[in-house]
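1. Let me see the structure of the following:
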Amino acid sequence: MESHVPSNRNETWTEEKHVHFLNSMEAWFVRTMLQSNDRYNLRLDRHLPDSSDSTLDCKPR
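-> Modelled structure (predicted):
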C-alpha cells in the first residue's frame, strides 16, 4: 500500500489530501477483506453483548 502521508515536512496536509488518504485506506481495507478468502468471516447476525449485559452485575454480594 502506497503512503499518502506527506514525506516532506514543508508539504502541507490539506483537506483534499486527507480525504484521498481516507479513501485509499478504505479501499485497501475492502480489498484485503475480499481477498482473505473468508479467513476472517464473522457472522453479521451474531449476538454482540451490550456492556450493560455484564455478568459482573449478576454476582451475589
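2. all helices of the chain, in order?
-> Counting by DSSP state H, residue ranges of the helices within the chain are 15-34.
3. which regions of it sit below the pLDDT cut-off?
-> 1-7, 37-42, 44, 51-61 (pLDDT under 70).
4. again, only using 80
-> Per-residue confidence for the chain (pLDDT under 80) gives these ranges: 1-10, 33-34, 36-61.
5. Count the neighbours of K17 for me.
-> By the measure other Cβ atoms under 10 Å, the count of residues near K17 is 14. Any C-beta I mention is one placed from the backbone N, CA and C, and that applies to glycine too.
6. Sorry, slip of the keys, the one I care about is L22.
-> L22 sits with 11 neighbouring residues when counted by other Cβ under 10 Å.
7. same deal with the one 5 residues further on?
-> Using other Cβ under 10 Å as the criterion, A27 is surrounded by 11 other residues.
8. Look up how far E11 lies from it.
-> Here the distance between A27 and E11 works out to 22 Å (Cβ to Cβ, to the nearest Å).
9. Please apply the same query to K17.
-> In this structure, K17 and E11 are 9 Å apart, going by Cβ to Cβ.
10. With V19 instead?
-> Per Cβ to Cβ, V19 is found 16 Å from E11.
11. H18 now?
-> Distance check for H18 against E11: by Cβ to Cβ, it reads 13 Å.
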